[in-house]
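Trainee: coords please:
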Amino acid sequence: MTSCTLTAASRFLTVLSVILIHAIGVNSQTSVGNTNQTNHGVASSKKQGGALTLTQSSFGFQCGTGLPTNCPNETWPATIAQPGMIRLWDSQVQWHLLNSKPGAYKWKTLDGYLDAIAAHQPRDAMYTFGYTPCWDTKARCEVAWGSIYPPDDLTPSGSPSLNTFALALVNHCSPAGHCVKDYIKHWEMWNEANAPHYWKGTIAQLYELMAPAIAIIRSNVPGALILTPPANRGDTNWMEAWLNEENKRGRLSDIFSFHLYLQNDIPETRFSMVREMVDLKTHTTGWSTSPWMNTETNFDSSTFACSGRYTPDDCIGQIVRWHLLQYAYGAQHVSWFFFNTTIGRNQEYSNAYHVMMQWLIGGHFAAACSSMGSIYSCPFIQASGRHALFVWNATGNSNYTPDPQYVDYKTLNADATAVSARRPVTVGVKPIMLEAAN
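Mentor: Numbers count the residues shown, from 1 in each chain. Here you go, the predicted structure:
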(Lines give C-alpha, C1' and ligand atoms only; values in the text may rest on other atoms or scores of the structure.)
Protein backbone atom coordinates (compact mmCIF):
# COMPACT_ATOMS: atom_id res chain seq x y z
CA MET A 1 0.00 0.00 0.00
CA THR A 2 2.38 2.72 0.89
CA SER A 3 6.01 3.25 1.48
CA CYS A 4 7.94 5.93 -0.20
CA THR A 5 10.76 7.90 1.38
CA LEU A 6 10.35 8.24 5.15
CA THR A 7 13.11 9.12 7.58
CA ALA A 8 13.89 6.66 10.34
CA ALA A 9 12.25 8.97 12.88
CA SER A 10 9.07 9.43 10.90
CA ARG A 11 8.89 5.69 10.27
CA PHE A 12 9.11 5.12 14.02
CA LEU A 13 6.35 7.64 14.76
CA THR A 14 4.11 6.19 12.06
CA VAL A 15 4.58 2.64 13.36
CA LEU A 16 4.02 3.83 16.94
CA SER A 17 0.76 5.56 15.92
CA VAL A 18 -0.51 2.45 14.20
CA ILE A 19 0.38 0.32 17.22
CA LEU A 20 -1.50 2.66 19.55
CA ILE A 21 -4.54 2.72 17.29
CA HIS A 22 -4.35 -1.06 17.04
CA ALA A 23 -4.24 -1.34 20.80
CA ILE A 24 -7.40 0.68 21.38
CA GLY A 25 -9.35 -0.03 18.21
CA VAL A 26 -11.20 -2.87 16.62
CA ASN A 27 -8.45 -5.44 16.75
CA SER A 28 -7.78 -5.08 20.48
CA GLN A 29 -9.28 -8.50 21.02
CA THR A 30 -8.44 -11.43 23.21
CA SER A 31 -9.91 -14.87 22.89
CA VAL A 32 -13.32 -15.31 24.53
CA GLY A 33 -15.82 -18.10 24.83
CA ASN A 34 -19.52 -18.06 25.69
CA THR A 35 -19.12 -15.75 28.67
CA ASN A 36 -21.16 -12.79 29.88
CA GLN A 37 -19.97 -9.39 28.70
CA THR A 38 -21.16 -6.03 30.03
CA ASN A 39 -21.12 -2.74 28.14
CA HIS A 40 -20.25 0.36 30.16
CA GLY A 41 -22.02 3.50 29.00
CA VAL A 42 -23.32 5.22 25.88
CA ALA A 43 -21.28 7.64 23.80
CA SER A 44 -22.19 11.31 23.78
CA SER A 45 -24.57 12.51 21.08
CA LYS A 46 -21.99 15.12 20.06
CA LYS A 47 -20.43 14.34 16.67
CA GLN A 48 -16.93 13.46 17.77
CA GLY A 49 -14.31 14.64 15.31
CA GLY A 50 -16.90 15.68 12.73
CA ALA A 51 -18.44 12.21 12.36
CA LEU A 52 -20.11 11.65 9.03
CA THR A 53 -23.86 11.45 8.76
CA LEU A 54 -24.67 8.43 6.62
CA THR A 55 -26.93 8.90 3.62
CA GLN A 56 -28.44 6.61 1.01
CA SER A 57 -25.40 7.37 -1.15
CA SER A 58 -23.11 5.98 1.53
CA PHE A 59 -24.25 2.61 0.16
CA GLY A 60 -23.06 1.73 -3.35
CA PHE A 61 -23.36 -0.94 -6.00
CA GLN A 62 -21.83 -1.81 -9.34
CA CYS A 63 -24.05 -2.70 -12.24
CA GLY A 64 -23.12 -4.17 -15.59
CA THR A 65 -23.26 -7.08 -17.96
CA GLY A 66 -20.13 -8.83 -16.76
CA LEU A 67 -22.47 -11.60 -15.58
CA PRO A 68 -25.97 -12.32 -16.87
CA THR A 69 -27.21 -12.11 -13.27
CA ASN A 70 -25.82 -8.61 -12.80
CA CYS A 71 -28.52 -6.27 -14.17
CA PRO A 72 -27.84 -6.86 -17.89
CA ASN A 73 -28.89 -4.38 -20.57
CA GLU A 74 -28.89 -1.46 -18.18
CA THR A 75 -31.74 -2.87 -16.10
CA TRP A 76 -32.09 -1.81 -12.47
CA PRO A 77 -31.87 -4.37 -9.63
CA ALA A 78 -35.39 -5.43 -8.62
CA THR A 79 -34.64 -5.86 -4.94
CA ILE A 80 -35.80 -4.34 -1.66
CA ALA A 81 -32.18 -3.30 -1.04
CA GLN A 82 -31.59 -0.11 -3.03
CA PRO A 83 -28.16 1.50 -2.47
CA GLY A 84 -27.91 5.18 -3.31
CA MET A 85 -24.92 5.24 -5.66
CA ILE A 86 -24.25 3.23 -8.79
CA ARG A 87 -20.64 2.74 -9.90
CA LEU A 88 -20.08 2.45 -13.63
CA TRP A 89 -17.14 0.11 -14.05
CA ASP A 90 -17.23 -3.18 -15.93
CA SER A 91 -20.50 -1.72 -17.12
CA GLN A 92 -19.49 -1.59 -20.78
CA VAL A 93 -18.96 2.16 -20.67
CA GLN A 94 -15.17 2.18 -20.37
CA TRP A 95 -13.18 4.59 -22.55
CA HIS A 96 -12.24 1.99 -25.16
CA LEU A 97 -15.88 0.91 -25.61
CA LEU A 98 -17.44 4.37 -25.80
CA ASN A 99 -14.72 5.87 -28.01
CA SER A 100 -14.51 3.37 -30.89
CA LYS A 101 -12.16 5.44 -33.04
CA PRO A 102 -10.91 9.04 -33.11
CA GLY A 103 -13.91 11.34 -32.90
CA ALA A 104 -16.43 8.45 -33.02
CA TYR A 105 -18.56 7.42 -30.05
CA LYS A 106 -21.00 4.65 -29.19
CA TRP A 107 -23.23 6.05 -26.48
CA LYS A 108 -26.11 3.54 -26.47
CA THR A 109 -25.12 1.66 -23.30
CA LEU A 110 -24.28 4.84 -21.41
CA ASP A 111 -27.62 6.31 -22.53
CA GLY A 112 -29.36 3.30 -21.01
CA TYR A 113 -27.65 3.89 -17.68
CA LEU A 114 -28.37 7.63 -17.72
CA ASP A 115 -32.06 6.95 -18.34
CA ALA A 116 -32.13 4.25 -15.63
CA ILE A 117 -30.42 6.54 -13.12
CA ALA A 118 -32.88 9.33 -13.94
CA ALA A 119 -35.79 6.94 -13.43
CA HIS A 120 -34.55 5.92 -9.96
CA GLN A 121 -33.87 9.24 -8.33
CA PRO A 122 -32.61 10.21 -5.89
CA ARG A 123 -29.41 8.40 -6.90
CA ASP A 124 -25.76 9.36 -7.27
CA ALA A 125 -23.44 7.88 -9.88
CA MET A 126 -19.71 7.28 -10.20
CA TYR A 127 -17.69 6.85 -13.40
CA THR A 128 -14.34 5.03 -13.27
CA PHE A 129 -11.72 5.55 -15.96
CA GLY A 130 -9.67 2.68 -17.39
CA TYR A 131 -8.48 0.90 -20.55
CA THR A 132 -6.93 2.77 -23.46
CA PRO A 133 -8.63 2.24 -26.87
CA CYS A 134 -6.64 0.01 -29.21
CA TRP A 135 -6.55 2.72 -31.87
CA ASP A 136 -4.68 4.95 -29.42
CA THR A 137 -1.75 2.68 -28.61
CA LYS A 138 0.79 0.59 -30.46
CA ALA A 139 1.24 -1.57 -27.36
CA ARG A 140 -0.47 -4.91 -26.83
CA CYS A 141 -4.24 -4.51 -26.96
CA GLU A 142 -7.38 -6.62 -27.15
CA VAL A 143 -10.31 -4.91 -28.85
CA ALA A 144 -12.79 -6.29 -26.32
CA TRP A 145 -10.77 -5.17 -23.31
CA GLY A 146 -8.71 -2.24 -24.54
CA SER A 147 -5.12 -1.67 -23.50
CA ILE A 148 -3.46 -1.40 -20.11
CA TYR A 149 -0.74 0.79 -21.62
CA PRO A 150 -0.71 4.59 -21.79
CA PRO A 151 -1.98 6.17 -25.02
CA ASP A 152 0.64 6.88 -27.66
CA ASP A 153 -0.08 10.62 -27.61
CA LEU A 154 0.65 10.99 -23.90
CA THR A 155 3.16 13.73 -23.06
CA PRO A 156 3.94 15.49 -19.77
CA SER A 157 1.15 17.89 -20.75
CA GLY A 158 -1.47 15.15 -21.09
CA SER A 159 -3.16 13.05 -23.77
CA PRO A 160 -5.17 14.91 -26.45
CA SER A 161 -7.15 11.72 -27.12
CA LEU A 162 -8.26 11.32 -23.48
CA ASN A 163 -8.95 15.04 -23.19
CA THR A 164 -11.18 14.91 -26.27
CA PHE A 165 -13.02 11.89 -24.89
CA ALA A 166 -13.46 13.51 -21.46
CA LEU A 167 -14.93 16.64 -23.00
CA ALA A 168 -17.33 14.63 -25.16
CA LEU A 169 -18.30 12.47 -22.18
CA VAL A 170 -19.12 15.25 -19.74
CA ASN A 171 -21.18 17.09 -22.37
CA HIS A 172 -23.13 14.04 -23.52
CA CYS A 173 -26.88 13.66 -22.98
CA SER A 174 -29.07 10.68 -23.79
CA PRO A 175 -31.79 11.13 -26.44
CA ALA A 176 -34.22 11.40 -23.52
CA GLY A 177 -32.33 14.46 -22.29
CA HIS A 178 -30.53 12.91 -19.31
CA CYS A 179 -27.06 14.43 -19.19
CA VAL A 180 -23.80 13.14 -17.75
CA LYS A 181 -23.06 16.44 -16.01
CA ASP A 182 -26.39 16.26 -14.17
CA TYR A 183 -26.22 12.66 -12.98
CA ILE A 184 -22.55 11.64 -12.67
CA LYS A 185 -20.82 13.67 -9.98
CA HIS A 186 -18.18 11.21 -8.75
CA TRP A 187 -15.17 10.52 -10.99
CA GLU A 188 -12.65 7.82 -10.10
CA MET A 189 -9.22 7.93 -11.71
CA TRP A 190 -8.12 4.73 -13.46
CA ASN A 191 -9.28 1.46 -11.97
CA GLU A 192 -6.69 -0.37 -9.81
CA ALA A 193 -3.69 1.28 -11.43
CA ASN A 194 -1.40 -0.47 -8.94
CA ALA A 195 -2.20 -3.78 -10.64
CA PRO A 196 -0.17 -4.57 -13.80
CA HIS A 197 -3.23 -6.08 -15.49
CA TYR A 198 -4.88 -2.64 -15.40
CA TRP A 199 -2.01 -0.17 -15.87
CA LYS A 200 1.43 -0.68 -17.39
CA GLY A 201 2.60 2.91 -17.08
CA THR A 202 4.27 4.76 -14.24
CA ILE A 203 2.61 6.83 -11.54
CA ALA A 204 4.05 9.95 -13.15
CA GLN A 205 2.51 8.99 -16.50
CA LEU A 206 -0.86 8.34 -14.88
CA TYR A 207 -0.78 11.77 -13.25
CA GLU A 208 0.10 13.37 -16.60
CA LEU A 209 -2.72 11.45 -18.29
CA MET A 210 -5.40 12.35 -15.76
CA ALA A 211 -4.57 15.92 -14.69
CA PRO A 212 -5.87 17.71 -17.83
CA ALA A 213 -8.92 15.40 -18.00
CA ILE A 214 -9.77 16.19 -14.38
CA ALA A 215 -9.57 19.90 -15.17
CA ILE A 216 -12.07 19.34 -18.01
CA ILE A 217 -14.42 17.49 -15.67
CA ARG A 218 -14.28 20.19 -13.01
CA SER A 219 -14.94 22.89 -15.62
CA ASN A 220 -18.01 21.13 -17.03
CA VAL A 221 -19.60 19.18 -14.17
CA PRO A 222 -20.99 21.33 -11.35
CA GLY A 223 -20.08 19.83 -7.99
CA ALA A 224 -17.76 17.19 -9.44
CA LEU A 225 -15.88 15.09 -6.87
CA ILE A 226 -12.64 13.39 -7.88
CA LEU A 227 -11.44 10.12 -6.38
CA THR A 228 -7.87 8.88 -6.34
CA PRO A 229 -7.00 5.88 -8.47
CA PRO A 230 -8.21 3.03 -6.24
CA ALA A 231 -5.43 0.61 -5.36
CA ASN A 232 -6.53 -2.93 -4.62
CA ARG A 233 -5.40 -5.61 -2.15
CA GLY A 234 -4.21 -3.17 0.51
CA ASP A 235 -1.34 -1.76 -1.58
CA THR A 236 -0.24 1.04 0.75
CA ASN A 237 3.10 1.46 -1.04
CA TRP A 238 1.38 2.41 -4.30
CA MET A 239 -1.16 4.66 -2.60
CA GLU A 240 1.54 6.49 -0.66
CA ALA A 241 3.44 7.11 -3.89
CA TRP A 242 0.28 8.44 -5.54
CA LEU A 243 -0.57 10.79 -2.66
CA ASN A 244 2.97 12.11 -2.72
CA GLU A 245 2.74 12.59 -6.50
CA GLU A 246 -0.33 14.77 -6.02
CA ASN A 247 1.39 16.65 -3.20
CA LYS A 248 4.39 17.30 -5.44
CA ARG A 249 2.61 18.22 -8.67
CA GLY A 250 -0.75 19.56 -7.51
CA ARG A 251 -3.84 18.06 -5.90
CA LEU A 252 -6.33 16.36 -8.20
CA SER A 253 -8.41 14.34 -5.75
CA ASP A 254 -11.11 15.20 -3.26
CA ILE A 255 -11.56 11.66 -1.96
CA PHE A 256 -9.18 8.83 -1.03
CA SER A 257 -10.36 5.63 -2.73
CA PHE A 258 -9.34 1.99 -2.57
CA HIS A 259 -10.70 -1.52 -3.25
CA LEU A 260 -10.71 -4.21 -0.62
CA TYR A 261 -12.62 -7.50 -0.64
CA LEU A 262 -13.12 -9.91 2.24
CA GLN A 263 -11.34 -12.63 0.22
CA ASN A 264 -13.09 -15.34 2.23
CA ASP A 265 -11.83 -13.93 5.51
CA ILE A 266 -14.09 -12.63 8.27
CA PRO A 267 -14.61 -8.85 8.48
CA GLU A 268 -12.98 -8.54 11.89
CA THR A 269 -9.69 -9.98 10.58
CA ARG A 270 -9.78 -8.30 7.19
CA PHE A 271 -10.48 -4.90 8.74
CA SER A 272 -6.81 -4.51 9.67
CA MET A 273 -6.09 -3.83 5.98
CA VAL A 274 -8.78 -1.15 5.87
CA ARG A 275 -7.23 0.46 8.91
CA GLU A 276 -3.77 0.40 7.33
CA MET A 277 -5.05 2.11 4.19
CA VAL A 278 -6.94 4.78 6.11
CA ASP A 279 -4.11 5.37 8.56
CA LEU A 280 -1.76 5.87 5.61
CA LYS A 281 -4.02 8.65 4.36
CA THR A 282 -4.35 10.15 7.82
CA HIS A 283 -0.59 10.31 8.32
CA THR A 284 0.25 11.68 4.86
CA THR A 285 0.79 15.44 4.74
CA GLY A 286 -2.25 17.26 3.39
CA TRP A 287 -4.55 14.23 3.37
CA SER A 288 -5.53 13.73 7.01
CA THR A 289 -9.01 15.24 6.67
CA SER A 290 -9.78 13.89 3.20
CA PRO A 291 -12.83 11.58 3.14
CA TRP A 292 -12.31 7.96 2.13
CA MET A 293 -14.29 5.30 0.29
CA ASN A 294 -13.99 1.58 -0.35
CA THR A 295 -15.50 1.68 -3.84
CA GLU A 296 -15.29 -2.03 -4.64
CA THR A 297 -15.86 -4.95 -2.32
CA ASN A 298 -17.55 -8.34 -2.12
CA PHE A 299 -16.93 -11.64 -0.38
CA ASP A 300 -14.36 -12.80 -2.94
CA SER A 301 -12.94 -11.12 -6.05
CA SER A 302 -13.10 -14.30 -8.13
CA THR A 303 -16.33 -16.05 -7.14
CA PHE A 304 -18.28 -13.09 -5.74
CA ALA A 305 -19.81 -15.51 -3.26
CA CYS A 306 -19.56 -16.29 0.44
CA SER A 307 -17.32 -19.25 1.17
CA GLY A 308 -19.01 -22.58 1.83
CA ARG A 309 -17.12 -22.87 5.10
CA TYR A 310 -19.42 -20.25 6.63
CA THR A 311 -23.02 -20.79 7.68
CA PRO A 312 -25.80 -18.86 5.91
CA ASP A 313 -26.25 -16.73 9.03
CA ASP A 314 -22.54 -15.93 9.13
CA CYS A 315 -22.61 -14.86 5.46
CA ILE A 316 -25.51 -12.51 6.20
CA GLY A 317 -23.71 -11.23 9.26
CA GLN A 318 -20.48 -10.65 7.34
CA ILE A 319 -22.19 -8.32 4.88
CA VAL A 320 -23.48 -6.15 7.71
CA ARG A 321 -20.41 -6.39 9.94
CA TRP A 322 -18.10 -5.43 7.07
CA HIS A 323 -20.11 -2.26 6.50
CA LEU A 324 -20.44 -1.38 10.19
CA LEU A 325 -16.70 -1.67 10.84
CA GLN A 326 -15.88 0.63 7.93
CA TYR A 327 -18.55 3.26 8.54
CA ALA A 328 -17.60 3.42 12.21
CA TYR A 329 -14.00 4.08 11.13
CA GLY A 330 -15.12 7.00 8.98
CA ALA A 331 -15.99 5.55 5.57
CA GLN A 332 -18.06 7.93 3.49
CA HIS A 333 -19.09 5.18 1.10
CA VAL A 334 -18.80 1.40 0.64
CA SER A 335 -19.73 -0.10 -2.75
CA TRP A 336 -20.57 -3.76 -3.40
CA PHE A 337 -19.31 -5.17 -6.71
CA PHE A 338 -21.69 -7.47 -8.65
CA PHE A 339 -24.35 -6.33 -6.21
CA ASN A 340 -27.33 -7.87 -7.96
CA THR A 341 -25.53 -11.19 -8.42
CA THR A 342 -24.53 -11.48 -4.76
CA ILE A 343 -27.11 -9.53 -2.75
CA GLY A 344 -30.00 -8.57 -5.00
CA ARG A 345 -30.82 -12.15 -6.02
CA ASN A 346 -30.52 -13.55 -2.48
CA GLN A 347 -33.63 -12.67 -0.48
CA GLU A 348 -32.00 -13.07 2.94
CA TYR A 349 -28.98 -10.98 1.95
CA SER A 350 -31.19 -8.34 0.39
CA ASN A 351 -33.49 -8.11 3.41
CA ALA A 352 -30.55 -7.77 5.82
CA TYR A 353 -28.91 -5.10 3.65
CA HIS A 354 -32.21 -3.20 3.53
CA VAL A 355 -32.60 -3.32 7.32
CA MET A 356 -28.99 -2.16 7.73
CA MET A 357 -29.69 0.85 5.51
CA GLN A 358 -32.80 1.69 7.54
CA TRP A 359 -30.79 1.56 10.75
CA LEU A 360 -27.94 3.73 9.50
CA ILE A 361 -29.29 6.40 7.15
CA GLY A 362 -29.44 9.80 8.82
CA GLY A 363 -27.35 8.70 11.79
CA HIS A 364 -23.65 8.71 12.62
CA PHE A 365 -21.18 6.63 14.59
CA ALA A 366 -19.98 8.12 17.86
CA ALA A 367 -16.71 6.18 17.78
CA ALA A 368 -14.95 3.32 16.03
CA CYS A 369 -15.98 -0.21 16.90
CA SER A 370 -14.21 -1.91 19.80
CA SER A 371 -13.93 -5.47 20.95
CA MET A 372 -13.74 -7.60 24.05
CA GLY A 373 -12.65 -11.00 22.96
CA SER A 374 -14.82 -11.97 20.00
CA ILE A 375 -17.64 -9.59 20.97
CA TYR A 376 -17.70 -6.32 19.02
CA SER A 377 -19.65 -3.16 19.73
CA CYS A 378 -20.09 0.09 17.81
CA PRO A 379 -21.75 3.15 19.41
CA PHE A 380 -24.19 4.92 17.10
CA ILE A 381 -26.60 7.85 17.18
CA GLN A 382 -29.67 7.33 15.04
CA ALA A 383 -31.29 9.93 12.80
CA SER A 384 -33.83 10.57 15.58
CA GLY A 385 -31.03 11.33 18.04
CA ARG A 386 -31.62 8.10 19.90
CA HIS A 387 -28.51 6.34 21.15
CA ALA A 388 -27.82 2.84 19.91
CA LEU A 389 -25.13 0.19 20.07
CA PHE A 390 -24.45 -2.47 17.46
CA VAL A 391 -23.24 -5.71 19.03
CA TRP A 392 -22.22 -9.12 17.69
CA ASN A 393 -20.01 -12.10 18.40
CA ALA A 394 -17.74 -12.90 15.46
CA THR A 395 -17.33 -16.56 16.41
CA GLY A 396 -20.79 -17.69 17.55
CA ASN A 397 -23.45 -17.21 20.18
CA SER A 398 -22.78 -15.88 23.66
CA ASN A 399 -24.45 -13.82 26.37
CA TYR A 400 -24.03 -10.06 26.50
CA THR A 401 -25.33 -7.86 29.32
CA PRO A 402 -26.21 -4.39 28.05
CA ASP A 403 -25.90 -1.22 30.08
CA PRO A 404 -29.21 -0.50 31.91
CA GLN A 405 -30.04 2.48 29.69
CA TYR A 406 -30.68 0.14 26.75
CA VAL A 407 -34.35 -0.81 26.70
CA ASP A 408 -34.74 -2.90 23.56
CA TYR A 409 -32.87 -4.43 20.68
CA LYS A 410 -33.63 -4.94 17.00
CA THR A 411 -32.48 -7.78 14.76
CA LEU A 412 -31.82 -8.03 11.04
CA ASN A 413 -35.23 -9.68 10.79
CA ALA A 414 -36.64 -6.20 11.56
CA ASP A 415 -38.20 -7.25 14.86
CA ALA A 416 -37.76 -5.60 18.26
CA THR A 417 -37.41 -7.20 21.70
CA ALA A 418 -37.52 -5.50 25.11
CA VAL A 419 -34.41 -5.71 27.30
CA SER A 420 -34.68 -6.35 31.05
CA ALA A 421 -32.25 -4.45 33.22
CA ARG A 422 -29.13 -6.43 34.06
CA ARG A 423 -30.36 -9.43 32.11
CA PRO A 424 -28.17 -10.82 29.32
CA VAL A 425 -29.20 -11.07 25.69
CA THR A 426 -27.88 -13.53 23.15
CA VAL A 427 -25.55 -12.13 20.50
CA GLY A 428 -24.17 -14.01 17.52
CA VAL A 429 -22.70 -13.56 14.06
CA LYS A 430 -25.59 -11.35 12.92
CA PRO A 431 -25.39 -7.92 14.59
CA ILE A 432 -28.22 -6.62 16.75
CA MET A 433 -28.95 -2.95 17.44
CA LEU A 434 -29.50 -2.10 21.10
CA GLU A 435 -31.51 1.09 21.63
CA ALA A 436 -31.40 3.44 24.63
CA ALA A 437 -34.49 5.02 26.14
CA ASN A 438 -33.66 8.54 24.92
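
Trainee: burial count for the closest residue to Thr284 other than its chain neighbours?
Mentor: Excluding its sequence neighbours, the residue lying closest to Thr284 (CB to CB, 6 or more residues apart in numbering) is Leu243, at 4.8 Å. Any C-beta I mention is one placed from the backbone N, CA and C, and that applies to glycine too. Neighbours of Leu243 under the rule other CB atoms under 10 Å: 23.

Trainee: any idea how far Leu243 is from Val278?
Mentor: The span separating Leu243 from Val278 equals 12 Å under the rule CB to CB, to the nearest Å.

Trainee: can you list residues touching both of these two?
Mentor: Common neighbours of Leu243 and Val278 (criterion: CB atoms under 8 Å, 6 or more residues apart in numbering): Phe256.

Trainee: can you give me the strands in the stretch 201-350 of the chain?
Mentor: With DSSP state E, counting those that start in this stretch as the definition, the stretch 201-350 of the chain shows strands at residue ranges 225-227, 231-232, 256-259, 292-297, 331-336.

Trainee: could you export these as CSV, including distance to Thr164, mean pLDDT and mean neighbour count?
Mentor: Shown next, in CSV, are those (distance: least, CB to CB, whole Å; pLDDT from 0 to 100; neighbours: other CB atoms under 10 Å):
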stretch, distance to Thr164, mean pLDDT, mean neighbour count
strand 225-227, 19, 98, 21
strand 231-232, 28, 98, 22
strand 256-259, 25, 98, 26
strand 292-297, 26, 98, 25
strand 331-336, 29, 98, 24
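
Trainee: do you know how far Pro291 is from Ile226?
Mentor: Where Ile226 is concerned, Pro291 sits at a distance of 12 Å (CB to CB).

Trainee: Ala81 is in contact with Met357, correct?
Mentor: Yes: taking CB atoms under 8 Å as the definition, Met357 is a contact partner of Ala81 at 7.0 Å.

Trainee: kindly tell me how buried the residue lying closest to Glu268 once chain neighbours are set aside is, as a neighbour count.
Mentor: Nearest non-adjacent residue to Glu268, counting by CB to CB, 6+ apart: Ala394, 4.7 Å away. By the measure other CB under 10 Å, the count of residues near Ala394 is 21.

Trainee: now for the closest residue to Ser307 other than its chain neighbours, how many residues are close by?
Mentor: Computed as CB to CB, 6+ apart, the closest residue to Ser307 that is not its neighbour in sequence is Asn264, at 4.4 Å. Asn264 is flanked by 18 other residues according to other CB under 10 Å.

Trainee: tell me who's in contact with Asn264.
Mentor: So Asn264 contacts Phe299, Asp300, Ser307, Arg309 (CB under 8 Å, 6+ apart).

Trainee: so the first one sits against Leu262, correct?
Mentor: What that stands for is Phe299. Yes: between Phe299 and Leu262 there is a contact at 5.2 Å, judged by CB under 8 Å.

Trainee: mutual contacts of those two, please.
Mentor: In contact with both Phe299 and Leu262: Gln318, using CB under 8 Å, 6+ apart.

Trainee: tell me which of these two has more neighbours.
Mentor: Using other CB under 10 Å, the more surrounded residue of Phe299 and Leu262 is Phe299, with 24 against 21.

Trainee: list the beta-bridge partners for the closest residue to Val278 other than its chain neighbours.
Mentor: The shortest distance from Val278 to any non-neighbouring residue, by CB to CB, 6+ apart, is to Trp292 (5.7 Å). Trp292 has these beta-bridge partners by DSSP bridges: Phe256, Ala331.

Trainee: check contacts around Trp292.
Mentor: Counting by CB under 8 Å, 6+ apart, Trp292 has contacts Ile255, Phe256, Ser257, Phe258, Met277, Val278, Lys281, Gly330, Ala331, Gln332.

Trainee: now Pro150
Mentor: Pro150 touches Thr132, Thr137, Ser159, Lys200, Gly201, Gln205, Leu206, Leu209, counting by CB under 8 Å, 6+ apart.

Trainee: also Leu110?
Mentor: By CB under 8 Å, 6+ apart, the neighbours of Leu110 are Leu88, Val93, Leu98, His172, Ser174, Val180.

Trainee: hmm, back to that, what's the distance between the residue nearest to Val278 and Pro267?
Mentor: 17 Å.

Trainee: ok so, going back, so for Met357 and Ala81, which residue has more residues nearby?
Mentor: Per other CB under 10 Å, whichever of Met357 and Ala81 has more neighbours is Ala81, with 23 against 19.

Trainee: could you count how many residues lie near the residue nearest to that one when sequence neighbours are not counted?
Mentor: Of all residues beyond its chain neighbours, the one nearest Ala81 is Tyr353 (4.0 Å), with distances taken as CB to CB, 6+ apart. As a burial measure, Tyr353 scores 28 neighbours (other CB under 10 Å).

Trainee: isn't Tyr353 right up against Ile343?
Mentor: Yes: in this structure Tyr353 lies within contact range of Ile343 using CB under 8 Å: 5.5 Å.

Trainee: name the nearest residue to Arg321, sequence neighbours excluded.
Mentor: Pro267 (4.4 Å).

Trainee: that neighbour: neighbouring residues, count only.
Mentor: Applying other CB under 10 Å, I find that Pro267 has 23 neighbouring residues.

Trainee: then the one 10 residues further on?
Mentor: Around Met277 sit 24 other residues, with neighbours defined as other CB under 10 Å.

Trainee: cool, Met239 as well?
Mentor: Going by other CB under 10 Å, the residues that sit close to Met239 add up to 28.

Trainee: OK, contacts around it?
Mentor: Taking CB under 8 Å, 6+ apart, one finds Met1, Thr2, Asn194, Thr228, Ala231, Phe256, Phe258, Met277, Leu280, Lys281 in contact with Met239.

Trainee: let me see the domain layout of this structure.
Mentor: 54-361, 372-436 (automatic domain parsing).

Trainee: the last one: how far from the chain's middle?
Mentor: Okay, so that is domain 372-436. Its chain's C-alpha centre and that of domain 372-436 lie 25 Å apart, by CA atoms, centre = their mean, to the nearest Å.

Trainee: and for the longest one?
Mentor: Domain 54-361 has its C-alpha centroid displaced from the chain centroid by 8 Å (CA atoms, centre = their mean).

Trainee: quick check: end-to-end length of that domain?
Mentor: 5 Å (CA to CA, to the nearest Å).

Trainee: from the contacts of Trp292, which is closest to Ile214?
Mentor: Ile255 (12.5 Å; CB to CB).
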